[in-house]
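K.L.:
what follows is a predicted protein model with its sequence.
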Amino acid sequence: MVRVTENFASEGPLSPPIREALLAAFDQGWADPKKLSQAASRAAILRNQSIENIAGKLSIPTASVEILGEPSLGHFLAIAGFMQSGSPFAYSSIDKGKVRAIARTQGVQSIEIPVTQDGQIKYPDSLPEKTTLSLQIANGETGIVQGKFHGAEKARFISVDATSSGTRTPLPPRWDSALFDARSWNGPAGISILAISNRADFTYPLPHIAPINSPGSYSLPLLIASSIALDVFQDAKAEMRRYLVEGLQKIEGVEIVGLDAPSLNHLLSCVVLGVRNEVIVRELASQGIDLDAGSACSPADLQPSHVIAAMGYPTDGQLRFTLRSEITQNEVDKLLTSLKAVIDRERKS
């Protein structure tokens, strides 16, 4: 197996400081912080410090924070907690599959809001009474950021998806819940932050006896490592994204998705016309270069992306790039050179 030397895929190893913090956290944070022992008291202090630090970095009230050890459950809790019996649910055509699944399975009136070719959500002039709206700040495939939220305020409840933006983009002026993923600031997988600013109208949507707002089952060491990751987080450089975009534009038949749209620094999608993305990914992987293709919701089988389809782009040949702060211009040059060679060879075959 070829060693990965250039990683432009969404997954990556923890940085040394975070990995060391995680190992130390397993030594110190093994006790249940809800108990009364000395070890539990130390664990409770570590938990509270981590939550306060995360809340401060995310600019959310500490009292709003719920820690989730089940990130895949986060969207359901954040949204369904406000969905009253018979109340409508609105979401955009570029929302994640877990959000769209709620619309299909909850037996409520659902409203799919279209987007422009630049990935901007076209909010309607009005929404039905008591509508719960899923509001995506930035897309995890294209990196496109929503420039305006005009029209979103028509919703009764607003659940913000900040799982891709993390600390990079502020929350909108009004929100009832917001979901963050520690991986968006290079933290460990397995931890999400659910912020509930409107607890008065939130009801835990899963079976429960005690008055809870989240399952409460999460790894304290992962929480501590997520907090440390926020302290050392550095975003990818905007100049490096521009450099990659300019290089991709020089390759014949490559189209950048949402070229002129406001975007996060670390995410980018393009479409390679006339070449299967699976072939490109496999060829580059054999050279030690990793990147992603197809839908981020179905990475295992390279399903076509509903996101770029909703934006009006062809779904064949889609590639997704993730940039990190440590990626160099030489690494981007190697990616571009290898990518062009693979594309040229496949088109001639």
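P.N.:
Looks like it came in fine. Numbering: from 1, shown residues only.
K.L.:
pretty sure I193 is in a helix, no?
P.N.:
No: under the criterion used here (DSSP: H, G, I helix; E, B strand; the rest coil), I193 is strand, not part of a helix.
K.L.:
so what's it bridging to?
P.N.:
With DSSP bridges applied, I193 shows beta-bridge pairing to I67, F180.
K.L.:
residue contacts, E255?
P.N.:
Neighbour list for E255: 270-271, 273, 313 [criterion: CB atoms under 8 Å, 6 or more residues apart in numbering]. Any C-beta I mention is one placed from the backbone N, CA and C, and that applies to glycine too.
K.L.:
relative to Q146, which of those is nearest.
P.N.:
Taking CB to CB as the measure, Q146 sits nearest to Y313 out of those, at 18.2 Å.
K.L.:
list the backbone torsions phi and psi for that closest one.
P.N.:
Reported as degrees, to the nearest 10, the phi and psi values for Y313 are phi -100, psi 150.
K.L.:
quick one: residues contacting it.
P.N.:
With CB under 8 Å, 6+ apart, Y313 has these contacts: 117, 255, 257, 271.
K.L.:
P221 now?
P.N.:
P221 is in contact with 22, 25-26, 29-30, counting by CB under 8 Å, 6+ apart.
K.L.:
looks to me like it is in a helix.
P.N.:
Yes: assessed with three-state DSSP, P221 lies in a helix.
K.L.:
all strands for the stretch 101-250 of the chain, in order.
P.N.:
110-113, 132-136, 157-161, 177-181, 192-196 (DSSP state E, counting those that start in this stretch).
K.L.:
turn the ones you listed into TSV, including distance to F89, mean pLDDT and mean neighbour count.
P.N.:
Formatted as TSV, those follow (distance: least, CB to CB, whole Å; pLDDT from 0 to 100; neighbours: other CB atoms under 10 Å):
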stretch	distance to F89	mean pLDDT	mean neighbour count
strand 110-113	5	94	16
strand 132-136	5	96	27
strand 157-161	10	97	26
strand 177-181	13	98	26
strand 192-196	18	98	26
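K.L.:
nearest to V245, out of those strands?
P.N.:
Counting by CB to CB, V245 lies closest to strand 132-136 out of the strands of the stretch 101-250 of the chain; the figure is 22.0 Å.
K.L.:
sec struct for R282, please.
P.N.:
Under three-state DSSP, the three-state class of R282 is helix.
K.L.:
adjust the sequence numbering to begin at 13 for everything that follows.
P.N.:
New numbering, starting at 13: the last item is R294.
K.L.:
middle-most residue in the chain, spatially?
P.N.:
S176 (2.7 Å; CA atoms, centre = their mean).
K.L.:
hang on, that residue packs against V157?
P.N.:
No: between S176 and V157 there is no contact under CB atoms under 8 Å: 9.4 Å.
K.L.:
intersection of neighbour lists for those two?
P.N.:
Shared contacts of S176 and V157 (CB under 8 Å, 6+ apart): 149-150, 276.
K.L.:
Throw the strands of the stretch 113-262 of the chain into JSON lines and include distance to R357, thanks.
P.N.:
Formatted as JSON lines, these follow (distance: least, CB to CB, whole Å):
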{"stretch": "strand 122-125", "distance to R357": "40"}
{"stretch": "strand 144-148", "distance to R357": "37"}
{"stretch": "strand 169-173", "distance to R357": "39"}
{"stretch": "strand 189-193", "distance to R357": "37"}
{"stretch": "strand 204-208", "distance to R357": "42"}
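K.L.:
and of the ones you listed, who's closest to K360?
P.N.:
The nearest among the strands of the stretch 113-262 of the chain, by CB to CB, is strand 144-148 at 39.8 Å.
K.L.:
so what does that closest one touch, helix or strand wise?
P.N.:
If contacts are counted by 3 or more CB pairs under 8 Å, 6 or more residues apart in numbering; DSSP states H and E, strand 144-148 sits against helix 86-92, strand 101-104, helix 109-117, strand 169-173.
K.L.:
which one (most neighbours) among the contacts of Y325?
P.N.:
Highest neighbour count within the contacts of Y325, by other CB atoms under 10 Å: V269, with 27 neighbours.
K.L.:
quick check, pLDDT for that residue.
P.N.:
What the model reports as pLDDT for V269 is 97.
K.L.:
please apply the same query to S84.
P.N.:
You'll see S84 listed with a pLDDT of 90.
K.L.:
what's the neighbour count on it?
P.N.:
Count around S84 with other CB under 10 Å applied: 9.
K.L.:
likewise K262?
P.N.:
9.
K.L.:
next one: it from S49, what distance?
P.N.:
As defined by CB to CB, to the nearest Å, K262 lies at a distance of 63 Å from S49.
K.L.:
one more: Q299?
P.N.:
From Q299 to S49 the distance is 53 Å (CB to CB).
K.L.:
do you know how far Q246 is from H278?
P.N.:
Using CB to CB, we find Q246 at a distance of 10 Å from H278.
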